[in-house]
Every structure is written in structure tokens, then in C-alpha cells.
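Novice: Show me the folded form of this:
(one chain, ligands or ions: 2)
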Amino acid sequence: MTELTPVEKIKSESRGLRGTIAHGLADPTTGGLADDDAQLVRLHGSYQQDDRDIREERRLQKLEPLWRFMVRLRLPGGVCTPAQWLAIDSIARRYANESIRLTTRQTFQFHGIAKGDMKASMAAMNAELMDTIATCGDVNRNVIASSNPVESPAHLEVAELAQRLSEHLLPKTRAYHEIWLDGEKLEGTPEVEPLYGKSFLPRKFKTAIAVPPSNDVDVLAHDLGFIAIVEQGRLVGFNLTVGGGLGATHGDPKTFPRLADVAGFLPVEAVLGVAEAVMTTQRDFGDRTNRKHARLKYTIADRGLAWFIAEVEKRSGVTLEPARPYAFTSNSDRFGWQQGFDGRWHRTLRVPAGRIADRYNQPWLTGWRELARIHRGDFRVTANQNATVAGVAEADRATIDAVIAQYRLDAAEHGAAVRRDALACVSMPTCPLAMAEAERYLPQLLGKLETLLENHGVADVPLSLRVTGCPNGCARPYLAEIGLIGKAPGRYNLHLGGDARGERLNVLYRENLDEAAILAELDVMFAGFAAAREPDERFGDYLWRTGMPAA
Ligand code: SRM
Ligand code: SF4
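Specialist: Ligands and ions are numbered 1, 2, ... in the order given. Now for the predicted structure:
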């Protein structure tokens, strides 16, 4: 038998995710945690990182890496109140690196929190009823859902379901409260982890709910997904999707991005039971001997969809019906004011790469704080790294607009259309897995692409560009019309041909290109696109129609 991975031992011997984290937090001789605890702390929503910009300098000075923590909030459906936003702002200013990072899975990240400030940060989140439980690690992560707030009653139901699903699939250990919030220790009381057992899941597990025609959550990129079926204005159930996932390793064909399969239809009341069955099937059959082969997508690819569905039906007692018709039209966000079914207004604002900080001529951290001070609805974080000021009364729109104008919060919405849909993962300097820049490279790249697109007269055509610093795919680059996937500093693999609905993977076109080569390739293709484009045709569709250029 092949051996279990070391992470399996760490989880199963962790005493319900406690390990020696509490002890490590109190140890003033290092800014980090013991190796095993650094793994475990992920299941509490934090990653130990160091600043890679100064890693070498510190090594030469024989100093330990400058350990800091990235902390990710649990925010089902991306919903947060103004009071919560103000707490997030204050944590970012006081304990983190004075920025807030909106993620591709609808939540907030803080970067740069020192070990000594971790408990105070967690307490500040808890004071506003926020936690970070299970946002990282081998558990069901933050549940995401179509973020358009109250476009219809079905959207409201889905937002509420995201919350319930998240709660339902949470680990039950009290370790989080004990370690971070000085909660009472339940000495001697054996804890039962009904859904996870001692070893939790073989790998991360992600859940999303989409409400067609919007696929703003890229539901097919998730291990578990639900596509809302609305008939005669009523949410009647969901099409279940299983086995999506994007992470891959350069040069290892056994790893691959995979779109989820649509497995069948289920009524609303069956969702929690079926979700549990999908997750526990993966818990019991996922590969615990190889973390590169441990996601649900590989379990399904190896054993077959029919086997998987039969197992889920057996566990849940639910027989899936044939999938019902649905159609996605877009996986991007809609900017500008939108009116919901209840008459209230929603304003999604573009946040490039999800980073909200005060920069020269762009005081966005302060601007968003001012919005939170006056706003009487709620905020929604979108899975495209943007945020929505949601639930605004007609009478309040002018005040919101004034703050937006004062702090230039809409500055990123101007220029070529590609600026509005582009995504970039965090990458350098905090991500330990980054091979190339992403977030910090995006502004420069967009400027150059914009010039090319303008030269060819197609700058107004929507275009999805997604850049990541490595093949793990955190900005879902494999679904973009143009995906750039980091290979080495300044070099990327160029992927082409995603659609604009999150339903088609792109293909690797050229490897290891520098910027000049990328722009040269795209220049030729944009010229062809401009000349031969059919009405309303997107770049990715054009490439397929005209025969994808051979690599
Ligand atoms: Fe991710 C690991 C950031 C969404 C696939 N991801 C990481 C880590 C934690 C690096 C690490 O393991 O040490 C990155 C932290 C960087 C930093 O400094 O903040 C990181 N991932 C992110 C975020 C912040 C990217 C962003 O720019 O928004 C996203 C946080 C989402 C959230 O709120 O939970 C993020 N990651 C994704 C997505 C997109 C999605 O889920 O829709 C994917 C692809 C989908 C998927 O999971 O297949 C993704 N992240 C990965 C993987 C590859 C997993 C795999 O199956 O191979 C890793 C590496 C790993 O798990 O070993 C990873
Ligand atoms: Fe880091 Fe790679 Fe994810 Fe980017 S895609 S955040 S470089 S793990």
C-alpha cells in the first residue's frame, strides 16, 4: 500500500486541529509557528507566509524569514454589513499591511499580520460576528453564490442557502474558539467530527451556487456546484455539478484543470443532504497518498461519473432527476447601477485584482470606509474580485455617487473593456508558490494590451484576461479567453480560447513567453479578429470558429 501523505498524519494527530498552535503563538523567540502547526493553522483560515521581496536579504543577514500571516474570512455568498466592513478596514490598518484583498472566492484576505497580532485580529473579527473557520485547508471552504444581490427572490433564497450550506459543512471542533478567542477548554470531552472524522478531507473542497443566466461564480470550476433552476419565477431546485477544479502542475500531465460534470436535478430541500453525500464520498474515496491527485476531480475521473452518482444517491437517499435546461450568458460582473426586484439599487464597483489600498490619486481604502460609514444596505464581494454597494434606496443614490466620485472609486471602469473583466491572483510577494508576478504585473500588462486593442479598433469588445503566477489557477485562468500562467519571473504560458460563460476550458498555445512575445502573438490575433469578427462575436469564440491557431 502506498503511504499516506505527511499532511494526513498532521491532521489525524492534531486533536481536533489544536496541535501546538496555542503554545506556538505564545512563543516570542520566533515570528513563525512549528512546521506541523503551520499546516494546521490553514484549517483555521490562515497561512504562514514570508515577504519574498526581502527573503534573500534576510537570508544573507542570517535572519529567519519575516514570518507574517495571511488571514481569510469566511463570508458565505460574499455578504457583509457596513459595520463588518468598518471592522475589516480597521483590522487592515491596524494589524495587516493597510490593504484589503477581495478574493476570487468572494471574501476578504488580510496580508502581513504578525503572529503577536493574530489573536487581536481574530477577536476584532469575532466582535463583528465574522470568523475564518475552514476558509483554507482540507475542508469545505467558503461557500460562494451568484452575487447579484436581490435581482429576484431566487437570488435571496440562494444567498441564504449559501449561508446554511456553509454552516452545515463546517467542522465542529471548538479548537478555533479555544485558540483564537480564549474560549473555554472542553478538557476530556471527546469531540465528534461527524462529517470529517479525524482526518478531515483528502484535499480542499469548494462549493458554489450559480443563478443563471449569470455564472459569475464559475460554478464548473468547483468540486461541488448547484445551478439554480427557476421556473415561473420560483426556485424549484438545482442542477448538481461535481468534480470541477483547475489546479495543475507544469509538465505533469497527470494533473489537469477539469470542468465539473452536470450530474442531475434535485429539489431545494435535498441540497444539504446531497452536498453532505458528495463531500463524504470524496472524504472516503479521495486519494490520501498523493496531494496532487487528491481533489474530487481525480476521484471522478478515475472511478467514473456513474459510480460517483450511485454512491451519492445511496448515501443521501435522493435519486437525481435528469438535469433541467439552463443557459449561462456571462461569467463577469455588471458595473453601473442595477435595480433589484424590490426597487432597491446596487452599484458594483471595479476593483482591479481585488486590492483596496490608499495609493497616490486613488484613496480607495479610505473611500470604501467612507461608503461603509454612510451606507444603509450591505456589501457584496463578487467572485470576480469586485464589490457591490447593495440595497441602496433611491433617495440615497446621490450620496453614494458623491463618495464614489470624491474617492475615484470608479476609476478602473474606464478605458478598454478588458480592464473591467481582468483577474489576477495575488502571487508575489506573499504567495510562496508564485513563479511569476500577477497582481503587481496586471496594470502594466493592461496598459499595453489596451494600446494593441485600440490600434485594431476592438478596445470596446469585452475580453476576459486572467493572469496567475503559477499553474494552480487561483484566478481561474484556464477559463479565460486569454490566460497567462506564470512559468518563471517575467515568463508565462499563453492559453487561448475560453468562452465568456465559464463553460469552456482554454488551451495551451505557447509556453514560457516573455512580455514582448506575448504582445507580438496577440497583436497578430487581434488584427485577424478585427478584420473577420462576426457581429457580437467574442475573441475566444472567434479563435475557435476560425480554427484555433496551432501551437
Ligand atoms: Fe488559491 C493555493 C490564493 C482561489 C487553486 N491560493 C493558494 C495559496 C494559499 C498559496 C499557498 O498554498 O500557500 C495562495 C495565497 C496567496 C496569497 O498570498 O494570498 C492562494 N487562491 C488564492 C486567492 C486569494 C487568489 C486571488 O487572487 O483571489 C483566492 C482565494 C479564494 C478564497 O477566498 O478562498 C484563490 N485557488 C483559488 C481558485 C479559484 C476558485 O476556487 O474559484 C483556485 C482554482 C480552483 C481550484 O481550486 O481548483 C485555486 N490555490 C489553488 C491551488 C491548486 C489546487 C489544486 O487542486 O491543485 C493551490 C495550491 C494547493 O492547494 O496546493 C492554491
Ligand atoms: Fe499563488 Fe499560484 Fe495561486 Fe497565484 S495561482 S496565488 S501564484 S498559488
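
Novice: give the contact list for Thr546.
Specialist: Residues near Thr546 by Cβ atoms under 8 Å, 6 or more residues apart in numbering: Gly528, Ala532. In this view, the C-beta of every residue, glycine as well, is placed from N, C-alpha and C.

Novice: Any figure for the gap between it and Glu534?
Specialist: 10 Å (Cβ to Cβ, to the nearest Å).

Novice: try Glu128
Specialist: From Glu128 across to Glu534, the span is 50 Å (Cβ to Cβ).

Novice: now Thr299
Specialist: Thr299 is 40 Å from Glu534, where distance means Cβ to Cβ.

Novice: Leaving out sequence neighbours, find the closest residue to whichever residue of the stretch 151-300 of the chain sits closest to ligand 2.
Specialist: Across the stretch 151-300 of the chain, the shortest distance to ligand 2 (Cβ to the nearest ligand atom) belongs to Gly247, at 8.3 Å. Closest residue to Gly247 in three dimensions, ignoring its sequence neighbours and counting by Cβ to Cβ, 6 or more residues apart in numbering: Asn472, at 4.7 Å.

Novice: Doesn't that neighbour belong to a helix?
Specialist: No: Asn472 is assigned coil when assessed by DSSP: H, G, I helix; E, B strand; the rest coil, not a helix.

Novice: wait, what's in contact with it?
Specialist: Leu246, Gly247, Ala248, Leu433.

Novice: for the spatially most central residue of the chain, what are its contacts?
Specialist: For the chain, the residue nearest the mean C-alpha position is Arg105 (2.4 Å; Cα atoms, centre = their mean). Arg105 makes contacts with Arg141, Asn142, Ile144, Lys206, Ala383, as judged by Cβ under 8 Å, 6+ apart.

Novice: The last one and Leu522, how far apart?
Specialist: It refers to Ala383. Distance check for Ala383 against Leu522: by Cβ to Cβ, it reads 26 Å.

Novice: neighbour-wise, which of the contacts of Arg105 leads?
Specialist: Of all those, the highest neighbour tally under other Cβ atoms under 10 Å goes to Ile144, namely 31 neighbours.

Novice: what bridges to that residue?
Specialist: Beta bridges link Ile144 to Ala208, judged by DSSP bridges.

Novice: for it, what are its contacts?
Specialist: With contacts defined as Cβ under 8 Å, 6+ apart, Ile144 is in contact with Pro76, Gly77, Gly78, Arg105, Gln106, Ala162, Lys206, Thr207, Ala208, Ile209, Val217, Ala383.

Novice: got it, and Asp117?
Specialist: The contact partners of Asp117, taken as Cβ under 8 Å, 6+ apart, are Arg94, Tyr95.

Novice: Can you pull the residues of this structure lying near ligand 2?
Specialist: Applying Cβ under 6 Å from any ligand atom, one finds that the chain approaches ligand 2 through 425-427, 431, 433-434, 438, 468-470, 472-474.

Novice: now these: which count as buried?
Specialist: Buried members of those, scored by 16 or more other Cβ atoms under 10 Å, are Cys425, Val426, Ser427, Cys431, Ala434, Ala438, Thr468, Gly469, Cys470, Asn472, Gly473, Cys474.

Novice: out of these, who's nearest Trp67?
Specialist: Comparing those against Trp67 with Cβ to Cβ places Cys431 closest, at 14.7 Å.

Novice: Would you verify that the closest one is located in a strand?
Specialist: No: secondary structure of Cys431 (three-state DSSP): coil, not part of a strand.

Novice: Quick check: closest non-adjacent residue to it.
Specialist: Nearest to Cys431 is Gly469, by Cβ to Cβ, 6+ apart, at 6.3 Å.

Novice: Same question for His250.
Specialist: Closest residue in space to His250, ignoring its immediate chain neighbours: Pro471 at 5.3 Å, by Cβ to Cβ, 6+ apart.

Novice: Please, where are all the strands along the stretch 51-200 of the chain?
Specialist: For the stretch 51-200 of the chain, strands defined by DSSP state E, counting those that start in this stretch occupy the ranges 67-72, 79-80, 99-102, 108-113, 144-145.

Novice: Out of these, which is the most enclosed?
Specialist: Comparing those by mean neighbour count (mean count of other Cβ atoms under 10 Å), strand 144-145 comes out on top with a mean of 31.

Novice: Isn't Tyr181 up against Met122?
Specialist: Not Tyr; residue 181 is Leu. Yes: Leu181 lies in contact with Met122 (Cβ atoms under 8 Å); the separation is 6.5 Å.

Novice: Between those two, which is the more surrounded one?
Specialist: Set side by side, Leu181 and Met122 show more neighbours around Met122, with 25 against 15, by other Cβ under 10 Å.

Novice: got a list of what the more buried one touches?
Specialist: Contacts for Met122 (Cβ under 8 Å, 6+ apart) come out as Val71, Asp131, Thr132, Trp180, Leu181.

Novice: let's see it at 10 Å
Specialist: Taking Cβ atoms under 10 Å, 6 or more residues apart in numbering, we find Met122 in contact with 44-46, 71, 91, 95, 113, 130-132, 176-177, 179-181.

Novice: again, but for Asn361
Specialist: Contacts of Asn361 (Cβ under 10 Å, 6+ apart): Arg408, Ala411.

Novice: What does the pLDDT read for it?
Specialist: According to the prediction, Asn361 has pLDDT 91.

Novice: same check, this time on Ser152
Specialist: Looking at Ser152, its pLDDT reads 83.

Novice: From Asp131, how far off is it?
Specialist: Taking Cβ to Cβ as the measure, Ser152 and Asp131 are separated by 29 Å.

Novice: overlap in contacts of Leu181 and Met122?
Specialist: The contact sets of Leu181 and Met122 overlap at Asp131 (Cβ under 10 Å, 6+ apart).

Novice: Ligand 1 contacts on the stretch 451-551 of the chain?
Specialist: By the rule Cβ under 6 Å from any ligand atom, the part of the stretch 451-551 of the chain lying against ligand 1 is Asn472, Gly473, Cys474, Ala475, Arg476.

Novice: surely Leu449 meets Leu519?
Specialist: Yes: assessed by Cβ atoms under 10 Å, Leu449 is found in contact with Leu519 at 7.6 Å.

Novice: Out of these two, name the residue with the larger neighbour count.
Specialist: Shown here are Leu449 and Leu519; by other Cβ under 10 Å, Leu449 has more neighbours (23 against 16).

Novice: longest helix anywhere in this protein?
Specialist: Counting residues, the longest helix in the chain under DSSP state H turns out to be helix 515-532.

Novice: tell me the mean pLDDT for stretch 17-36?
Specialist: For stretch 17-36, mean pLDDT is 95.

Novice: Okay, helices next: where are they in the stretch 51-200 of the chain?
Specialist: In the stretch 51-200 of the chain, the helices defined using DSSP state H, counting those that start in this stretch lie at 55-60, 82-94, 118-127, 153-168, 175-181.

Novice: Buried residues of stretch 36-56, list them for me.
Specialist: 36-52.

Novice: Distance from it to the middle of the chain?
Specialist: Distance of stretch 36-56 from the chain centroid (Cα atoms, centre = their mean, to the nearest Å) equals 18 Å.

Novice: quick one: is that stretch near ligand 1?
Specialist: Yes: using Cβ under 6 Å from any ligand atom, stretch 36-56 reaches ligand 1 at Tyr47, Gln49.

Novice: List the buried residues of stretch 538-546.
Specialist: Neighbour counts over stretch 538-546 (16+ other Cβ under 10 Å) mark Arg538, Phe539, Gly540, Asp541, Tyr542, Leu543 as buried.

Novice: Can you list the low-confidence ranges for the protein?
Specialist: Low-confidence segments of the chain (pLDDT under 70): 1, 149-150, 184, 186-190, 551.

Novice: again, 90 this time
Specialist: Scanning the chain with the threshold set as pLDDT under 90 gives 1-2, 147-153, 156, 182-192, 233, 341-342, 548-551.

Novice: What's the nearest residue in it when you look at ligand 1?
Specialist: Proximity of the chain to ligand 1 (Cβ to the nearest ligand atom) peaks at Gly247, 2.1 Å away.
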